[in-house]
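J.: The following block contains a protein sequence and its predicted model.
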Amino acid sequence: SRCACGSRFSVTHVLSGPTGGFPSIRHNEMRDFIASTLSEVAHSVTVEPMLQSLTGETFVLRSTSTDQLARLDVSACGFWGNRFQRTFIDVSVFNPLAASYVSMDSDAVYRHNENRKVLKYEERLREVEHSTFTPFILSAYGGMGPSASQFVKRLSMKLCDKRSVPYSECVVWVRRNLSFALLRSALLCLRGCRSAARRPVKVTWAEAAIVMANAEVEP
């Protein structure tokens with residue numbers, strides 16, 4: 001069978017293809033869970049915070065984003081450092097079986113995706129926002145990168161203190177929720193509708209009057 005975009009329908013394709021907007025829904029599931037859980041252990045949690053506009057700043061790395069409308073997924077204060085230390089989190093969910101990754105081992109794929117985020121945002125966040133940065137990299141099949149793993153451990157420790165429950169219960173709860181969110185998103189990617197985009201039909205008042213007259217409907 002074929003996808004609405006014309007490509008052959010396969011598990012690998014549906015977990016990567018943008019048609020239908022399902023990868024964006026998957027990304028937003030992860031973002032919203034992180035934000036809602038952070039709000040329990042940190043403060044000033046913001047979803048999709050805008051970065052400060054640049055006023056002539058230059059950066060050492062040419063890869064650093066200079067987009068005046070740049071925004072990341074989540075920000076919060078008091079997570080890594082003291083209560084005034086702000087951190088930004090940017091989420092990315094990738095398909096490890098995509099053609100661009102087949103020649104790389106899993107560890108290299110996680111490092112590649114983390115480095116891509118770090119090169120794009122970290123210098124700007126450090127020099128302009130005076131904040132820390134955590135690239136939250138997840139595999140569509142449930143794995144997570146080194147920074148995401150450290151983030152989950154830190155989050156679980158804070159939840160442990162907040163809820164007065166064992167650390168083991170908190171880390172299992174966080175990982176389970178992430179896993180189920182990925183599973184729901186994978187099912188949506190597999191079973192969701194990908195019909196071709198349809199433009200609305202423009203109907204004139206004259207045409208509408210004819211249709212209503214034929215149907216004997218009072219206007």
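T.: Okay, I see it. Numbers count the residues shown, from 1 in each chain.

J.: After the helix or strand where residue 121 lies, which helix or strand is next?
T.: Taking DSSP states H and E as the definition, residue 121 sits inside helix 106-124. On the C-terminal side of helix 106-124, the nearest following helix or strand under DSSP H and E is strand 132-139.

J.: So which residues make contact with the very next helix or strand once past that following strand?
T.: Using DSSP H and E, the helix or strand that follows strand 132-139 towards the C-terminus is helix 146-163. Under the criterion CB atoms under 8 Å, 6 or more residues apart in numbering, residues 37-38, 40-42, 79-80, 89, 110-111, 114, 134-138, 144, 165-167, 169-171, 173-175, 178 lie in contact with helix 146-163. Using the backbone N, CA and C atoms, a C-beta is placed for each residue, glycine as well.

J.: which of the residues you listed are buried?
T.: 37-38, 41-42, 79-80, 89, 110, 114, 134-138, 144, 170-171, 174, 178 (16 or more other CB atoms under 10 Å).

J.: which stretches of the protein have low pLDDT?
T.: Regions of the chain meeting the criterion pLDDT under 70 cover residues 1-21, 191-219.

J.: Would you map the helices across it?
T.: 11-14, 22-41, 106-124, 146-163, 167-191, 205-214 (DSSP state H).

J.: a markdown table please, covering the ones you listed and showing distance to residue 94.
T.: Formatted as a markdown table, the helices of the chain follow (distance: least, CB to CB, whole Å):
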| stretch | distance to residue 94 |
| --- | --- |
| helix 11-14 | 12 |
| helix 22-41 | 10 |
| helix 106-124 | 6 |
| helix 146-163 | 12 |
| helix 167-191 | 12 |
| helix 205-214 | 48 |
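
J.: burial count for residue 132?
T.: The number of residues packed near residue 132 is 16, by other CB atoms under 10 Å.

J.: wouldn't residue 52 be in contact with residue 129 here?
T.: Yes - under the criterion of CB atoms under 8 Å, residue 52 lies in contact with residue 129, with a separation of 6.3 Å.

J.: who's more crowded, these two?
T.: Neighbours per residue, other CB under 10 Å: of residue 52 and residue 129, the larger number sits with residue 129, 18 against 14.
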